[in-house]
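# Next input, structure requested:
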Amino acid sequence: MQSNMLAMILAGGRGSRLKDLTNKVAKPAVAYGGKYRIVDFPLSNCANSGIDVVGVLTQYESVQLNSYVALGGRWGLDSKDSGVFVLPPREKADANLDVYRGTADAISQNIDFIDKYAPEYLLILSSDHIYKMDYSEMLKYHQEKNADATIAVIGVPIKEASRFGIMNTDEDGHIVEFEEKPAHPKSNLASMGIYIFNWKVLRKVLMADMKNPDSSHDFGKDIIPIMLGENRTLVAYQFKGYWKDVGTIDSLWEANMDLLTDEQELNLADSSWRIYTEDASTPPQYFGPEAEVRRAYITQGCSVEGEVRSSVLFTGAKVGKGAKVIDSVLMSNVVVEDGAVVTRALVADGVKIGKGAVVGSADSENILLVAKRVKGVE
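A predicted model of the protein is given here:
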C-alpha cells in the first residue's frame with residue numbers, strides 16, 4: 001500500500017432524514033451534482049491521495065451501493081495491488097439481523113481484513129459529506145505531531161456547534177476534551193468524521209471495547225473518550241475548504257445550489273483533483289428555440305424547452321414547453337411536462353410532473369421533496 005495507510009469508509013447509515021430518497025437506496029448511493037453519487041467523494045479522495053486499498057462498510061438497502069462500489073476501476077482502484085472491497089456486517093445484533101452496532105463495531109468486525117494488509121495507519125471516513133481532501137496531507141500532520149489519533153475538524157458557526165461532535169483543543173492543537181453535541185459548546189471545531197489512527201494502538205482499544213457490554217461501540221461516545229482517558233496523543237487537523245453534510249433534504253438541496261455560486265469552492269471541473277463517477281452514455285444537452293436558461297447547472301442528456309432558473313438538472317431531465325423550474329433540483333430522468341411550474345423543490349429520480357401542475361412555493365421555509373408522480377391539469 002502506498003503510504004502504508006488503509007482506508008475504511010463507513011457507508012452503513014440508514015439516512016432516514018433523506019426520507020423517500022433512501023427508501024430503496026443506501027444514503028451514500030444518493031445522487032448529487034448532476035451525475036455523481038455521495039460515495040464518489042471519499043472514494044475519489046482516496047484515489048487522489050494515493051490510497052490503494054479501501055474497505056466500504058455497507059448495511060441498509062445496500063444492493064445498489066454494493067454493486068456500484070465493487071467496480072473499483074471507476075476510481076482507478078482495480079489493479080493487482082489495489083481495490084475497493086465491500087464489507088457487510090457479519091455478526092448478529094439480535095436473533096435475526098446482521099448489523100453493525102456502532103461505528104467502532106463496524107471496524108472491529110473487520111479486524112481480520114485490516115490485519116491482512118498490516119497497515120501502519122488506518123484512515124476512517126464517513127460517507128455522507130461532499131468535499132475534496134488530500135488525506136496524505138493529513139497523514140503528514142499526524143506524523144509530525146507524533147499522534148496516536150488525528151481527527152479532522154472544521155470551524156462551524158458557534159450557534160450551530162451543538163449539532164456536532166466538538167473538539168476542545170489546547171494552543172498546540174492537542175485535543176483535551178471531546179463533547180458529543182454539547183448544549184453549551186466551548187469551541188466551534190466540529191468533527192468531520194475523518195480519523196487517522198495508528199493501527200496497533202486502535203486495535204488494542206477496539207479489542208477491549210468489544211468485550212465491554214456497556215459500550216455503544218461508537219468512536220465519538222466510546223473510543224475517543226477512552227483514548228483521552230489513557231492520555232493518548234490526539235490532535236485536531238483543521239480543514240480549510242468546502243465541506244457539506246448532506247443528511248437532510250434541505251442540506252442536499254443547498255449542496256446542489258452551491259454549484260451555482262460565482263466562487264464555486266468545490267469546482268467539479270478541476271482536472272487536478274477529479275471526482276470520478278459512472279459516466280452515462282447520453283446525448284448532449286438540448287435547448288429548444290423558446291428555452292430560457294439563467295444561472296443553471298445542466299448535465300448531459302437534458303432537454304429544456306421551457307424556463308430554467310437557479311436550478312440543477314441531473315442526467316436526462318426534461319423540461320417541457322412553457323414549463324418553469326425555479327430554485328429547484330431535478331434528479332435523473334425527471335420529466336416536467338408542458339406548462340408545469342416547479343419552485344423550491346427537490347424532485348426524485350424518474351418522477352413525472354404532469355401538464356400545468358404547480359409544485360412547491362417560493363415562500364416555503366423548507367424544500368419540498370417530490371418523490372411520486374404529480375398529476376397534471378386534466
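
# if we look at stretch 129-144, which residues are touching it?
3, 5, 7, 32-33, 38, 41-42, 44-46, 48-51, 121, 123, 150, 152, 192-194, 196, 235, 237, 239, 241-246, 255, 266, 270, 273, 275 (CB atoms under 8 Å, 6 or more residues apart in numbering). (Glycine included, C-beta is placed from N, CA and C.)

# buried stuff in it?
Within stretch 129-144, the residues scored as buried using 16 or more other CB atoms under 10 Å are 129-133, 135, 138-139, 141-142.

# Which of those residues fall in helices?
Within the buried residues of stretch 129-144, residues falling in helices by DSSP state H are 135, 138-139, 141-142.

# May I see the residues you listed arranged in TSV, with pLDDT as well?
Supplementary listing: these in TSV, determined by pLDDT from 0 to 100:
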residue	pLDDT
135	98
138	98
139	98
141	98
142	98
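
# mind checking the longest strand of the chain?
Longest strand in the chain by number of residues (criterion: DSSP state E): strand 189-198.

# which among the contacts of stretch 129-144 end up buried?
Buried by 16+ other CB under 10 Å: 3, 5, 7, 32-33, 38, 41-42, 44-46, 48-49, 51, 121, 123, 150, 152, 192-194, 196, 235, 237, 239, 242-246, 255, 266, 275, out of the contacts of stretch 129-144.

# Pick the one among the buried residues of stretch 129-144 closest to residue 370.
Of all the buried residues of stretch 129-144, the one with the least separation from residue 370 (CB to CB) is residue 130, at 21.7 Å.

# Tell me the bridge partners for the closest residue in space to residue 287 that isn't next to it in sequence.
Spatially, and ignoring its direct neighbours in sequence, residue 287 is nearest to residue 304 (5.2 Å; CB to CB, 6 or more residues apart in numbering). Note on residue 304: beta-bridge partners residue 287, residue 319, judged by DSSP bridges.

# Name the residues that touch whichever strand or helix holds residue 237?
Element membership for residue 237, per DSSP states H and E: strand 234-238. Residues external to strand 234-238 that are found in contact with it (CB under 8 Å, 6+ apart): 138, 141-142, 145, 147-155, 167, 169, 173-175, 189, 224, 227-228.

# mind listing which of those are in helices?
Residues of the contacts of strand 234-238 located in helices (DSSP H): 138, 141-142, 224, 227-228.

# which residues of the stretch 1-150 of the chain fall in helices?
Counting by DSSP state H, counting those that start in this stretch, the segments of the stretch 1-150 of the chain that form helices are 40-48, 63-69, 103-108, 111-117, 135-144.

# could these go into a markdown table alongside distance to residue 344?
Listed next are those as a markdown table, based on distance: least, CB to CB, whole Å:
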| stretch | distance to residue 344 |
| --- | --- |
| helix 40-48 | 25 |
| helix 63-69 | 28 |
| helix 103-108 | 34 |
| helix 111-117 | 44 |
| helix 135-144 | 36 |
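
# Out of the ones you listed, which gets nearest to residue 299?
Residue 299 sits nearest to helix 40-48 of all those, at 14.2 Å, using CB to CB.

# and the closest one, what does it pack onto?
Secondary-structure packing of helix 40-48 (3 or more CB pairs under 8 Å, 6 or more residues apart in numbering; DSSP states H and E): strand 5-11, strand 53-58, strand 121-126, strand 129-131.

# pull the CA atoms of it into PDB?
Written as PDB, here are the backbone C-alpha positions of helix 40-48 (Å, rounded to 0.1, in the frame of the first residue of the first chain):
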ATOM      1  CA  ASP A  40     -17.800   9.200  -5.100                       C
ATOM      2  CA  PHE A  41     -16.300  11.900  -2.900                       C
ATOM      3  CA  PRO A  42     -14.500   9.800  -0.300                       C
ATOM      4  CA  LEU A  43     -13.500   7.200  -2.900                       C
ATOM      5  CA  SER A  44     -12.100   9.800  -5.300                       C
ATOM      6  CA  ASN A  45     -10.300  11.500  -2.400                       C
ATOM      7  CA  CYS A  46      -8.700   8.100  -1.500                       C
ATOM      8  CA  ALA A  47      -7.600   7.500  -5.100                       C
ATOM      9  CA  ASN A  48      -6.200  11.100  -5.500                       C
END
